[in-house]
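Colleague: Need the 3D shape of this:
(one chain, ligands or ions: 3)
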Amino acid sequence: TALTGTIPVVVHVIYSNANENISDAQIQSQIAVLNEDFRKLNSDVSKTPAAFAGLAADAGLQFVLAKRDPNGNATTGIERKSSTKTTWGTADAMKSTSTGGLNAWPATQYLNLWVCNIGGGILGYAQFPGGAASTDGVVIGPNYFGRTGYLSAPFNLGRTATHEVGHWLNLRHIWGDANCGSDLVSDTPTQQADNAGCPSFPHRTCGNTTNGDMFMNYMDYTDDACMYMFSTGQSTRMNALFASGGSRASL
Ligand code: ARG
Ligand code: ZN
Ligand code: CA
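Modeller: Ligands and ions are numbered 1, 2, ... in the order given. Below is the predicted model:
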């Protein structure tokens, strides 16, 4: 694949202590991870088992911190806000100034990333395409964002954002969120459930007695060090959003 698009990103950091007010360097490290993972430039893609290596895809997408804000003024692409709230949950309160957070920038022009402590052991969550513009984007805990700085292993390599941006680009979990469910992508093998940790190849489920699960896919639940590919079918599904009439064509 060639480069298909460059997506402007705004990072909204909402913090209740100095650790959560992550550094610019930590934010830049996350952008670097996205730029590797969505162009198959990540060095660990070489770990892909031979049975799946031919399916590891360059999704053709790049990410850049916004240089212009919605008013056309120069910006770093990073906004910061101090808050007394220590956990934010998953009901989108961080996405509005009226509930103590920071408003989304227009979803037609930016990928919105909120960095705040979600709580409940949740690393991140995303809104699929087609939802309300005011809540469009991805939320990630500060200690799971990027690969340098304030981080919690084994989720310290920036893959939570890769996974969540995959959802934002219409990808489902690879097990289809059901027992041997479907992710609507044909080249990812049907698998029974999510995988955790760092499985060894092959892990066979759902009657797939040849190669088994593609547990090293970004849309599984394995550790950051053990997920390193999108498939060709996933790349096609993501890129369809940018075609004429697609729900992210304006980007
Ligand atoms: N939505 C998932 C969660 O919060 C994200 C999983 C990301 N996985 C990872 N290895 N970073 O649990
Ligand atoms: Zn997910
Ligand atoms: Ca599949």
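
Colleague: Going by C-alpha atoms from here, please, whenever you check contacts or count neighbours.
Modeller: OK.

Colleague: host element of the residue nearest to residue 169 when sequence neighbours are not counted?
Modeller: Spatially, and ignoring its direct neighbours in sequence, residue 169 is nearest to residue 238 (5.2 Å; Cα to Cα, 6 or more residues apart in numbering). In the assignment (DSSP states H and E), residue 238 maps to helix 232-239.

Colleague: Outside of that helix itself, list whatever touches it.
Modeller: 4, 55-59, 166, 169-171, 185-188 (Cα atoms under 8 Å, 6 or more residues apart in numbering).

Colleague: buried set for it?
Modeller: Buried residues in helix 232-239, counted by 16 or more other Cα atoms under 10 Å: 232-235, 237-239.

Colleague: Quickly note the distance from the residue of the stretch 151-251 of the chain found nearest ligand 1 to residue 171.
Modeller: Taking Cα to the nearest ligand atom, ligand 1 has its nearest neighbour within the stretch 151-251 of the chain at residue 160, 3.5 Å off. From residue 160 over to residue 171 the distance is 14 Å, taken as Cα to Cα, to the nearest Å.

Colleague: So between those two, which is more surrounded?
Modeller: For residue 160 versus residue 171, neighbours defined as other Cα atoms under 10 Å are more numerous around residue 160 (26 against 23).

Colleague: Over to that one. Which of the three states is it?
Modeller: helix (DSSP: H, G, I helix; E, B strand; the rest coil).

Colleague: before we move on, what about the one 5 residues further on?
Modeller: Under the three-state scheme (three-state DSSP), the conformation of residue 165 reads as helix.

Colleague: ok, it - how many residues close by?
Modeller: Residue 165 has 24 nearby residues by other Cα under 10 Å.

Colleague: what sits against it?
Modeller: Residues in contact with residue 165 (Cα under 8 Å, 6+ apart) are 126, 138.

Colleague: that older thread, give me the mean pLDDT for the helix holding residue 238.
Modeller: Average pLDDT, helix 232-239: 98.

Colleague: likewise stretch 62-82?
Modeller: On average, the pLDDT along stretch 62-82 is 98.

Colleague: next one: stretch 219-228
Modeller: Averaged over stretch 219-228, pLDDT sits at 99.

Colleague: Next, the buried residues of it.
Modeller: 219-228.

Colleague: same question, stretch 141-155
Modeller: Of all the residues in stretch 141-155, those buried under the rule 16+ other Cα under 10 Å are 141-151, 155.

Colleague: Pick out the most distant pair among those.
Modeller: The largest separation in the buried residues of stretch 141-155, counting by Cα to Cα, is between 141 and 148 at 14.0 Å.

Colleague: near ligand 3, anything from the helix holding residue 238?
Modeller: No. Counting by Cα under 5 Å from the ion, ligand 3 is not contacted by helix 232-239; separation bottoms out at 8.7 Å.

Colleague: could you measure the closest residue to residue 3 other than its chain neighbours against residue 219, distance?
Modeller: Leaving aside its sequence neighbours, residue 3 sits nearest to residue 60 (Cα to Cα, 6+ apart; 4.3 Å). From residue 60 across to residue 219, the span is 17 Å (Cα to Cα).

Colleague: so residue 202 is in which element?
Modeller: Residue-wise, residue 202 maps onto no helix or strand under DSSP H and E.

Colleague: need the contact list for it.
Modeller: Contact analysis of residue 202 by Cα under 8 Å, 6+ apart lists 211-213.

Colleague: Let me see the backbone angles for it.
Modeller: Main-chain torsions, residue 202, degrees, to the nearest 10: phi -90, psi 150.

Colleague: Can you read off the pLDDT for it?
Modeller: Reported pLDDT for residue 202: 98.

Colleague: that older thread, the residue of the stretch 151-251 of the chain closest to ligand 1 touches residue 123, doesn't it?
Modeller: Yes. Taking Cα atoms under 8 Å as the definition, residue 160 is a contact partner of residue 123 at 6.9 Å.
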